[in-house]
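Chemist: heads up, no residue letters with this:
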Ligand code: NOJ
């Protein structure tokens, strides 16, 4: 019996599979993943047992920031396909019972966007410039930046345009920030939301959702220097750039657009704000949902995950929505590697794991077996919880981060611009094209530093004229063979088959439509005092009675289990004690 995905609020407990299109599957052989590649893999996604797909940007872009520099919000990058390909993909997804979420990037455009090109051609003070954030420079002729802000990707956050004016870019200089006090900006984004909704898109992921409303006018720019661009999280609403109260007016306006549709559309906010503010973005009058990144930040300690769970559920209570759980995405080091790295309570900020390699100058300190074991336990912990789960492409294969991409193959602007006490190689290690087939590649030892050339683990098909495909846009290490989808499909004990089992069980037994509040958590599963253990129980929703329990052992010794029937184990074991770094699902 499938209970999920039939109601208007399907998204409140959906499992959403994130696709980074340029690295998912390439059917035209140019080394870049494409929209037709997503259609080609729809059977795989369906079989996995998720409810929806979220597509990172596939819009025309110069790729200054992996597609988050958008030239045209209502089109498909010709290298990735056409609008017809998009429509075909949406139909295939809907036929498979899957919903589609697309990324909206409203904080900034590409510098190649026609609006920005018009702004450059127009005079200071013109309506064209007013769509962005232009200000006069300091110094006699405006030759100095308006203040000392540094962009999040390194270097000054202001760029001069040669006539005494500078424009603000919180990210790369190819991503000028939009001015959300300008009405054209409001109207154009509503048009974009309707454009994709009319094409059958079911929801949106909002990039940098906490950054749109800015206040650069009520105080002199020089005075604002005490606030940095770095995501300073403030609860007071005083920060000129982040999490300002006015941002919520924008989402109330968008909510009215969502409600023009049946079923109403929804959005999930990427908002790096204090936990106390998350619920504001997720309210019923605004977007509906917000990313809770606390799992992505937690190191492998029970207390960090326990806090993340409790805060996530209470924030959901406040917003009257559901929370979300995220371990990996295209911006963070893959969690199979994070959990295999030394656990030093970094609050997640070994986000760029490859730092370790560069800074220590030692052997890369990743224990891949340990990372995989913990990743298996973590997915059971995550999928047992009420709320939505966002799964990043390749995590179902247990893919580790690729830490040693050569510098001359890196694409992430972080690699070129930052210097946070040591060069950072950036986020490409989690964006390497997926391995679909092991067969046509040479085998390699787990730590062989070699990269493949020629065949691409089934990522690229031959070109339409039959000639060989170009190399994948980021190089794949030869050890990818061990993680290829076909290898894992054939191995009953693989990560892929664990994900499939857990997702199907969740879909059929754990997705009621009723109350999803904190009251769901029972703490009587184990004796109190098991501080290295996370254990929770909730009703089973299949009408067969009993309670579902999930128990995860973070501690140094095995843990005695309660009586009940075993549903799923993260790792095989005998007897009735749960081993270290393992999780179990039970019916108790
Ligand atoms: C968040 C996106 O996830 C990230 O990939 C991007 O670089 C920034 N926003 C800027 O758009």
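Modeler: Now that the structure is in, tell me what you want to look at. It should be emphasised that the depicted structure is a prediction, and the values quoted were computed from it without experimental measurement.
Chemist: please make it C-alpha for all contacts and neighbour counts, starting now.
Modeler: OK.
Chemist: list the buried residues in stretch 554-567.
Modeler: Residues of stretch 554-567 classed as buried: 554, 555, 559, 562 (neighbour count, 16 or more other CA atoms under 10 Å).
Chemist: and for stretch 184-192?
Modeler: The neighbour-count check on stretch 184-192 (16+ other CA under 10 Å) flags 185, 186, 189, 192 as buried.
Chemist: same check, this time on stretch 198-205
Modeler: Within stretch 198-205, the residues that qualify as buried are 200, 201, 202, 203, 204, 205, counting by 16+ other CA under 10 Å.
Chemist: just give me the closest of those residues to the ligand.
Modeler: Of all those, the ligand sits closest to residue 205, with 9.7 Å by CA to the nearest ligand atom.
Chemist: ok, residue 53 touching residue 20?
Modeler: No - with contact defined as CA atoms under 8 Å, residue 53 does not count as touching residue 20 (10.4 Å).
Chemist: and the residue of the stretch 451-588 of the chain closest to the ligand?
Modeler: Nearest residue of the stretch 451-588 of the chain to the ligand: residue 474, at 16.1 Å (CA to the nearest ligand atom).
Chemist: quick check, pLDDT for that residue.
Modeler: In this prediction, residue 474 carries a pLDDT score of 96.
Chemist: surely it touches residue 407?
Modeler: No - under the contact definition of CA under 8 Å, residue 474 does not touch residue 407, with a separation of 11.1 Å.
Chemist: where does the prediction get shaky in the chain?
Modeler: Scanning the chain for pLDDT under 70 picks out 1-7, 231-233, 345-364, 418-423, 440, 446-447, 454, 511-530.
Chemist: just give the nearest non-adjacent residue to the residue sitting nearest the centre point of it, would you?
Modeler: The residue lying closest to the centre of the chain (CA atoms, centre = their mean) is residue 329, at 3.5 Å. Using CA to CA, 6 or more residues apart in numbering and skipping the chain neighbours, the partner closest in space to residue 329 is residue 392 (5.2 Å).
Chemist: near the ligand, which residues of this protein show up?
Modeler: Within the chain, the residues that sit near the ligand (CA under 6 Å from any ligand atom) are 65, 68, 207, 208, 331.
Chemist: run through the residues that contact the residue nearest to residue 468 when sequence neighbours are not counted.
Modeler: Spatially, and ignoring its direct neighbours in sequence, residue 468 is nearest to residue 462 (5.0 Å; CA to CA, 6+ apart). Contacts for residue 462 were tallied using CA atoms under 8 Å, 6 or more residues apart in numbering; they are 27, 28, 29, 468, 469.
Chemist: most widely separated two among those residues?
Modeler: Greatest spacing in the contacts of residue 462, by CA to CA: 27 and 468 (11.8 Å).
Chemist: looking at the two, which one has more neighbours?
Modeler: residue 27 (24 against 15; other CA atoms under 10 Å).
Chemist: would you confirm that the more buried one contacts residue 39?
Modeler: No - applying CA under 8 Å as the test, residue 27 and residue 39 come out as separate, 9.9 Å apart.
Chemist: could I get the full set of helices for the stretch 1-150 of the chain?
Modeler: 35-40, 42-48, 83-95, 114-121, 127-130 (DSSP state H, counting those that start in this stretch).
Chemist: mean neighbour count added to the ones you listed, as JSON lines?
Modeler: Listed next are the helices of the stretch 1-150 of the chain as JSON lines, based on neighbours: other CA atoms under 10 Å:
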{"stretch": "helix 35-40", "mean neighbour count": "23"}
{"stretch": "helix 42-48", "mean neighbour count": "16"}
{"stretch": "helix 83-95", "mean neighbour count": "17"}
{"stretch": "helix 114-121", "mean neighbour count": "16"}
{"stretch": "helix 127-130", "mean neighbour count": "19"}
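Chemist: now those helices as JSON lines including distance to residue 222?
Modeler: Listed next are the helices of the stretch 1-150 of the chain as JSON lines, based on distance: least, CA to CA, whole Å:
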{"stretch": "helix 35-40", "distance to residue 222": "46"}
{"stretch": "helix 42-48", "distance to residue 222": "51"}
{"stretch": "helix 83-95", "distance to residue 222": "45"}
{"stretch": "helix 114-121", "distance to residue 222": "24"}
{"stretch": "helix 127-130", "distance to residue 222": "21"}
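Chemist: nearest to residue 57, out of the ones you listed?
Modeler: The nearest among the helices of the stretch 1-150 of the chain, by CA to CA, is helix 35-40 at 10.9 Å.
Chemist: number of nearby residues for the residue nearest to residue 366 when sequence neighbours are not counted?
Modeler: Leaving aside its sequence neighbours, residue 366 sits nearest to residue 341 (CA to CA, 6+ apart; 4.6 Å). As a burial measure, residue 341 scores 21 neighbours (other CA under 10 Å).
Chemist: what of residue 253?
Modeler: Residue 253 is surrounded by 15 other residues when neighbours are defined as other CA under 10 Å.
Chemist: that one: what secondary structure?
Modeler: Following DSSP: H, G, I helix; E, B strand; the rest coil, we place residue 253 in the helix state.
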